[in-house]
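Participant: everything below, folded, please.
(one chain, ligands or ions: 1)
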Amino acid sequence: MRMCPICKEYGDVWEVEFMDLNGRRAVMCFECDLVWETVDDDEESQVIDNFESIMKKHGFPHDWSRVKKIRRVLPEP
Ligand SMILES: [Zn+2]
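Facilitator: Now for the predicted structure:
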């Protein structure tokens, strides 16, 4: 999905790469820290979690400098 389900049209949504997770790609809303899998799938197929708990799950601190912005999804550039 392209739009953050929490922030809706006010979300700041980016495709990102997590350097701590071997460059794993995901989509993140920088307003509320919500992370989901891709911009393509429908909402039901998305795995949703927030940035802090994803990093905690993998044993890393949630370090924003380890998140690489690939391209902006919303608002449209
Ligand atoms: Zn959001």
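Participant: neighbouring contacts of stretch 14-34?
Facilitator: Outside stretch 14-34, the residues that touch it by CB atoms under 8 Å, 6 or more residues apart in numbering are 1, 4-7, 10-13, 35-39, 48-52, 54-55, 58, 60, 63, 66-73. Every C-beta, even on glycine, is put in place using the N, C-alpha and C of the backbone.
Participant: filter these down to the ones near the ion?
Facilitator: 4, 6-7, 11 (CB under 5 Å from the ion).
Participant: which strand or helix spans Asp41?
Facilitator: Counting by DSSP states H and E, there is no helix or strand that carries Asp41.
Participant: surely it meets Ile48?
Facilitator: No - the criterion here is CB atoms under 8 Å, and Asp41 misses it with Ile48 at 11.4 Å.
Participant: could you look up the SS state of Ser65?
Facilitator: helix (DSSP: H, G, I helix; E, B strand; the rest coil).
Participant: hang on, the earlier thing: can you select the buried ones from the contacts of stretch 14-34 in ChimeraX?
Facilitator: Selection of buried members from the contacts of stretch 14-34 for ChimeraX, criterion 16 or more other CB atoms under 10 Å:
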select :1,4,7,11,13,35,36,50,51,54,55,67,73
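Participant: ok, and for stretch 16-34, which residues are buried?
Facilitator: In stretch 16-34, counting by 16+ other CB under 10 Å, buried: 16-18, 20, 26-30, 32-34.
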